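Trainee: Coordinates only, no sequence provided:
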């Protein structure tokens, strides 16, 4: 009741002020409630993208370190001193070669040379950790079978678990190919190793989770990195091959983002542990500060609008007492800010006059400031425009230079590939002459060697031909010659070319030509043959049992080539890159299926040049279907 009476007895200015204050507060609350979720969402999305980028850098650096160790073992396995030590127990020759004492240059923490029976010939180690002998023996046994392998082996100090060791092993053979032993080299996965993974980025902290515990982390890592019980689900996802990222936002004001990421640590194609990342991004805080500054600016603008409305309401509510001020106000509003109102009392009119005078001072000062700022901004705009124009010209020049370098590179590769074919054709010709018995009689051993030379020269010639075609395509030097092609006669030649692959693997091979396929079409025979042969060869390579089918059909004005197999199939994640050069589903050194990864790349490029497209349907374990669609104009279809 008292508040109601006080409000009723209050002056018009007080009532309007209360109304304006409530309106402003309601607007601010509504604005924050609407914008806050979007701000937090934007910060979370940005943090997640940055975390995934950091994870890829750590994984790539880890893979690079593994490859460096693999190169070191391969280098040591061919050292003459190592072979002498394993063949004759000649440690003097080993020391004379000085190979194993270059471990500082190779950044190695230990080097072992072992015999086939597991006996240690050389044991060089920089640290006091006791490396798990069973783990080393297991890797050595794998190297005896596969040649080279890698793994993560645990270690202990005084019986307590310590930092594991990244180990690569290469087998050692004598000149006749007899297995003598193996060379093991390794690096301890300690703080220095982890610091190398993050490439000196202090805002990224990395830890390695191995066998259920945190075994190593970067310098200065926060305590939160070892809270494994709070991230059990994320760790489990990483062990399954995923990369989970968690961005925790406490609130819009005084917020402290917590970015966590977990990624599988892969050695030798297998997941051996999990990388735990904690990332500090000051940019998130600056982004949040900018957004908050925008909100404050919006609030100020609304406050100014409400102030103007308040002035209008006051003028309408007390218009009579201020009629004597209209003349002076008109002079001020006409642009003469030097005019000031006389303050004759301390009531509302007097206070209003004083406030109006102060406002005039502020406006006058702001006008001067704005004029100065406008002149400064115009100068800045001119300078920025000039800088952007110069940057644009530099970028255009750089782009032209890059395009010219790319064209010259492709022309060089095409020329070199063409030159390489000449001696390979000569090797193949002479090999054929010797194998046919013309002029020379070969012993069984020599004949077997010549067959190997012939087979490998054919394989290399095929690879160079594919590489030459790709180089010609990239350099724009591959021309197509369209001519009338008898599809059924051409399909018969395709079948004869690859039927030996079906016979070798005992696979059913069918060629189906629909009735609606015309007898003759206009197209480039060499390009079509390379597309079909590469697809069929790929199908036979990855099919252990079952069948392979080539189907030719017409759909309206499109010529369809479909190759279906019952092979191993292609996983979803690999479908984005299998059409790239030198890329395969399994790109590891231990892959079951050989090849260079040029076949599907050549199919894709030739199809695009023929104004067509390649579609892929596949299911792991059930097979794949490659469909090539070529657009044929009416005059290209001959009845």
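Mentor: Thanks, I have the structure now. Keep in mind that what you see is a predicted model, and the values were worked out from it rather than measured.
Trainee: hang on, residue 166 packs against residue 152?
Mentor: Yes: here residue 166 lies in contact with residue 152, judged by CB atoms under 8 Å, at a distance of 5.9 Å. Every C-beta, even on glycine, is put in place using the N, C-alpha and C of the backbone.
Trainee: which residues are common contacts for the two?
Mentor: Common neighbours of residue 166 and residue 152 (criterion: CB atoms under 8 Å, 6 or more residues apart in numbering): 189, 267.
Trainee: Which helix or which strand is home to residue 434?
Mentor: Element membership of residue 434, judged by DSSP states H and E, is helix 348-435.
Trainee: what is the rounded mean pLDDT of that helix?
Mentor: Helix 348-435 shows a mean pLDDT of 74.
Trainee: One more: stretch 145-162?
Mentor: The predicted model assigns stretch 145-162 a mean pLDDT of 85.
Trainee: Counting neighbours, which bits of that stretch end up buried?
Mentor: Taking 16 or more other CB atoms under 10 Å as the basis for neighbour counts, the residues of stretch 145-162 that come out buried are 147-155, 162.
Trainee: could you dump those to a markdown table with distance to residue 374 and secondary structure?
Mentor: As requested, the buried residues of stretch 145-162 are exported to a markdown table (distance: CB to CB, whole Å; DSSP: H, G, I helix; E, B strand; the rest coil):
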| residue | distance to residue 374 | secondary structure |
| --- | --- | --- |
| 147 | 74 | coil |
| 148 | 70 | strand |
| 149 | 71 | strand |
| 150 | 66 | strand |
| 151 | 69 | strand |
| 152 | 65 | strand |
| 153 | 70 | strand |
| 154 | 70 | strand |
| 155 | 70 | strand |
| 162 | 68 | strand |
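Trainee: How about residue 623: what's its closest non-neighbour residue?
Mentor: In space, residue 623 comes closest to residue 566 once its chain neighbours are excluded; the distance is 4.3 Å by CB to CB, 6 or more residues apart in numbering.
Trainee: where does that neighbour fall, phi/psi-wise?
Mentor: When quoted as degrees, to the nearest 10, the phi and psi of residue 566 stand at phi -110, psi 40.
Trainee: Pretty sure it sits against residue 542.
Mentor: No: at 9.9 Å, residue 566 and residue 542 do not qualify as touching, with contact defined as CB under 8 Å.
Trainee: what's near enough to touch residue 135?
Mentor: Residue 135 makes contact with 151, 153-154, 167 under the criterion CB under 8 Å, 6+ apart.
Trainee: Where does it fall, secondary structure wise?
Mentor: In this structure, residue 135 sits in helix 133-146 according to DSSP H and E.
Trainee: go on, residue 117?
Mentor: In this assignment (DSSP H and E), residue 117 forms part of neither any helix nor any strand.
Trainee: neighbours around it, how many?
Mentor: Applying the criterion other CB atoms under 10 Å, we find 6 residues in the vicinity of residue 117.
Trainee: any idea how far residue 176 is from it?
Mentor: Note on residue 117: its distance to residue 176, by CB to CB, to the nearest Å, is 20 Å.
Trainee: What about residue 127? Give its phi and psi, please.
Mentor: In this entry, residue 127 is assigned phi and psi values of phi -120, psi 170 (degrees, to the nearest 10).
Trainee: An error on my part: the question was meant for residue 575.
Mentor: Per-residue torsions, residue 575: phi -70, psi -10 (degrees, to the nearest 10).
Trainee: Does it touch residue 618 like I think?
Mentor: Yes: in this structure residue 575 lies within contact range of residue 618 using CB under 8 Å: 7.2 Å.
Trainee: Who has more neighbours out of those two?
Mentor: residue 618 (20 against 14).
Trainee: Okay, and the beta partners of the more buried one?
Mentor: Applying DSSP bridges to residue 618 gives these bridge partners: residue 624.
Trainee: What does the pLDDT read for it?
Mentor: Here the pLDDT value assigned to residue 618 is 87.
Trainee: do the same with residue 129
Mentor: Here the pLDDT value assigned to residue 129 is 78.
Trainee: how close does it sit to residue 269?
Mentor: With the distance defined as CB to CB, residue 129 ends up 26 Å from residue 269.
Trainee: Of the two, which one has the most company?
Mentor: For residue 129 and residue 269, the more surrounded residue by other CB under 10 Å is residue 129, and the numbers stand at 21 against 13.
Trainee: Help me confirm that the more buried one comes into contact with residue 159.
Mentor: No: here residue 129 lies out of contact with residue 159, judged by CB under 8 Å, at a distance of 11.6 Å.
Trainee: Now for the closest residue to residue 487 other than its chain neighbours: which residues touch it?
Mentor: Nearest residue to residue 487, sequence neighbours excluded (CB to CB, 6+ apart): residue 517, at 5.7 Å. Contacts were defined as CB under 8 Å, 6+ apart; by that measure residue 517 touches 487-488, 552-554, 559.
Trainee: and if you look at residue 398?
Mentor: Going by CB under 8 Å, 6+ apart, residue 398 touches no other residue.
Trainee: Might you report the residue contacts of residue 480?
Mentor: For residue 480, the contacting residues are 524, 527, 609-610, by CB under 8 Å, 6+ apart.
Trainee: If we use 7 Å, what do you get?
Mentor: Residue 480 makes contacts with 524, 527, 609, as judged by CB atoms under 7 Å, 6 or more residues apart in numbering.
Trainee: Now pLDDT, distance to residue 359 and secondary structure too, for those, in JSON lines please.
Mentor: Rendered in JSON lines, the data for the contacts of residue 480 read as follows (pLDDT from 0 to 100; distance: CB to CB, whole Å; DSSP: H, G, I helix; E, B strand; the rest coil):
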{"residue": "524", "pLDDT": "87", "distance to residue 359": "82", "secondary structure": "coil"}
{"residue": "527", "pLDDT": "86", "distance to residue 359": "81", "secondary structure": "helix"}
{"residue": "609", "pLDDT": "85", "distance to residue 359": "73", "secondary structure": "helix"}
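Trainee: Narrow the residues you listed to just the buried residues.
Mentor: Among the contacts of residue 480, those classed as buried by 16+ other CB under 10 Å are 524, 527.
Trainee: Any idea how far apart the tips of stretch 427-442 sit?
Mentor: This stretch, stretch 427-442, spans 17 Å end to end (CA to CA, to the nearest Å).
Trainee: And for stretch 557-574?
Mentor: Counting by CA to CA, the terminal residues of stretch 557-574 are separated by 31 Å.
Trainee: Tell me the buried residues in that stretch?
Mentor: By neighbour count, with 16+ other CB under 10 Å as the criterion, the buried positions of stretch 557-574 are 559-570, 574.
Trainee: Out of the contacts of residue 480, flag the one nearest to residue 45.
Mentor: Nearest to residue 45 among these, counting by CB to CB, is residue 609 at 39.5 Å.
Trainee: Just the mean pLDDT for the host helix or strand of residue 46, thanks.
Mentor: In this structure, residue 46 sits in helix 12-77 according to DSSP H and E. Per-residue pLDDT values over helix 12-77 give a mean of 72.
Trainee: picking that back up, which of the contacts of residue 517 has the most neighbours?
Mentor: These, ranked by neighbours (other CB under 10 Å): first place residue 559, 23 neighbours.
Trainee: That residue pairs with what?
Mentor: Going by DSSP bridges, residue 559 forms beta bridges with residue 554, residue 630.
Trainee: ok, it - contacts?
Mentor: 521, 630, 632.
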